[in-house]
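K.L.:
below are the sequence and a predicted model for it; my questions follow.
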Amino acid sequence: MSQVAPPPSATCFPFSFQELRSLHEIAQVMAGALLMREAMQEVLDILSRDMQMRRGMISILRRDLKEVYVDVGHGFESAHGEGATYRLGEGITGKVVETGESIAIPNLELSPLFLDRSGIRQNIDRSDLAFVCVPIKLEGEVVGALSVDRIRDENVTDLTREVQYLEAVARLLSRRVRERRIKDENERLRQMMRKGPVFGGLI
């Protein structure tokens, strides 16, 4: 069953030294000169190293199309998973973006919400995986989602600590994810304008 994570508490589950070090490294990456996709890929590499993440995705909300698309992925056998889309409210990623609430699943095999639209887990025993998806928000607005899976610990049924850590990561990503979304929206608008007038002269 899906476990909707409670809001993080400043007094609950303080971050470990390793987690703080990783957050600092991620903050440096996001403040650096790397291009957006390169920076996001570096963040997923850090999560793979320090969180034992097997696969991870950063998805971005397309407000005009009311859909979420996978922009950057880690742990894909090929690049076909990048670009996968979800309607708002569809699957775990679409639901997280629609509601702005994190979802944590201790055993991925037991979640009816999981769609694997990217196709990257088709030949994997999902009962071995735990999955966490958190919204990426800036100034109260959801701009995307960060999702990861890792090997499931049979003795762990509460993923609150992992959720809080990933929510902290998402806050560090939020500004550049919004910049990426705005750039994407502007590009689609330019493409529409290049196609010329439609609907009786309205663009």
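P.N.:
That came in fine, so what should we check first? Numbers count the residues shown, from 1 in each chain.
K.L.:
report the beta-bridge partner residues of the residue nearest to Glu67 when sequence neighbours are not counted.
P.N.:
Closest residue in space to Glu67, ignoring its immediate chain neighbours: Thr85 at 5.0 Å, by C-beta to C-beta, 6 or more residues apart in numbering. Backbone N, C-alpha and C define where each C-beta goes, glycine included. Beta-bridge pairing for Thr85 (DSSP bridges): Tyr69.
K.L.:
which residues touch Thr85?
P.N.:
Glu67, Val68, Tyr69, Val70, Arg117 (C-beta atoms under 8 Å, 6 or more residues apart in numbering).
K.L.:
show me how far the longest helix along the chain is from its chain's centre.
P.N.:
Using DSSP state H, we find that the single longest helix of the chain is helix 160-194. Put simply, helix 160-194 sits 9 Å off its chain's centre (C-alpha atoms, centre = their mean, to the nearest Å).
K.L.:
and that helix, what's buried?
P.N.:
Buried positions in helix 160-194, judged by neighbour count with 16 or more other C-beta atoms under 10 Å: 160-170, 172-174, 176-178, 180-181, 184.
K.L.:
between the contacts of Thr85, which is nearest Ile103?
P.N.:
Ile103 has its nearest neighbour among the contacts of Thr85 in Val68, at 13.7 Å by C-beta to C-beta.
K.L.:
next, the spatially most central residue of the chain: secondary structure please.
P.N.:
Centroid-nearest residue in the chain: Leu146, 1.7 Å away (criterion: C-alpha atoms, centre = their mean). Secondary structure, DSSP: H, G, I helix; E, B strand; the rest coil: Leu146 is strand.
K.L.:
I'd guessed it sits against Ala168; true?
P.N.:
No. At 10.6 Å, Leu146 does not count as touching Ala168 under the criterion of C-beta atoms under 8 Å.
K.L.:
burial measure for Gln52, as a count.
P.N.:
10 (other C-beta atoms under 10 Å).
K.L.:
ok, Leu20 next?
P.N.:
Leu20, neighbours per other C-beta under 10 Å, totals 13.
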